[in-house]
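Participant: okay, predicted coordinates and the sequence, questions at the end:
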Amino acid sequence: MGYKKYVVTLNECERKQLEEVVSSKICNKEKRLRAYILLKSDGLHSWSDDKMQEAYGVSLSAIGRLRKRFVEEGFENALNRKERLNPPCPRKIQGKEEAHLIALCCSDAPEGRAKWTLQLLADKMIELNVVDTVGRECVRNALKKMSLSLG
């Protein structure tokens, strides 16, 4: 077993909590995997990184990062998922806007066109003041979500 820069030492309470996570049927897969790795990294009887990599199918760098996170940030931060710094943006087209989009798709195409294009739909929604701004990709995603197609 090689030199480990970050050594995991669990107290009795932390070990008990990890064992509960491992035995729980409600816990998600990633959290359970982190619990297994922390348990097997603990103390004198810890597994080698190669053995953990083989047993759990995790890269050596992921094992090292988890150990580092445990030492630097503490037990709770190592066990639980990191909070996102930049949360996702809310969807521009939902609910009422989706209804307008469906109505546009079902209506006749503009003069000189055989059918609606994504860009035409986006421009028409802005023109009708359904949304302030919207791109064709946003319209495409909304149609995909609703399982609609222009073709």
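Facilitator: Yep, that arrived. Numbering: from 1, shown residues only.
Participant: and the helices in this protein?
Facilitator: For the chain, applying DSSP state H gives helices covering 12-23, 29-41, 49-56, 60-73, 75-79, 96-106, 118-127, 136-145.
Participant: residues of the third one that come out buried?
Facilitator: Counting neighbours by 16 or more other Cβ atoms under 10 Å, one finds that the buried residues in helix 49-56 are 49, 52-53, 56. C-betas here are computed from N, CA, C, even on glycine.
Participant: so what's residue 46 closest to, chain neighbours aside?
Facilitator: Of all residues not flanking residue 46 in the chain, residue 40 sits nearest, at 6.3 Å (Cβ to Cβ, 6 or more residues apart in numbering).
Participant: pretty sure that neighbour contacts residue 52?
Facilitator: Yes. Counting by Cβ atoms under 8 Å, residue 40 touches residue 52, with 5.6 Å between them.
Participant: tell me the centre residue of this structure?
Facilitator: Centroid-nearest residue in the chain: residue 84, 9.4 Å away (criterion: Cα atoms, centre = their mean).
Participant: and that one, its phi and psi?
Facilitator: With angles defined as degrees, to the nearest 10, residue 84 sits at phi -70, psi 140.
Participant: how about the contacts made by it?
Facilitator: Contacts for residue 84 (Cβ atoms under 8 Å, 6 or more residues apart in numbering) come out as none.
Participant: same thing with residue 87?
Facilitator: Taking Cβ under 8 Å, 6+ apart, we find residue 87 in contact with no residue.
Participant: can you give me the end-to-end span of stretch 129-149?
Facilitator: For stretch 129-149, the first-to-last residue distance is 23 Å (Cα to Cα, to the nearest Å).
Participant: same question for stretch 128-147.
Facilitator: 24 Å.
Participant: can you count the residues close to residue 28?
Facilitator: 10 (other Cβ atoms under 10 Å).
Participant: got phi/psi on it?
Facilitator: Per degrees, to the nearest 10, the residue geometry at residue 28, taken as phi and psi, is phi -80, psi 160.
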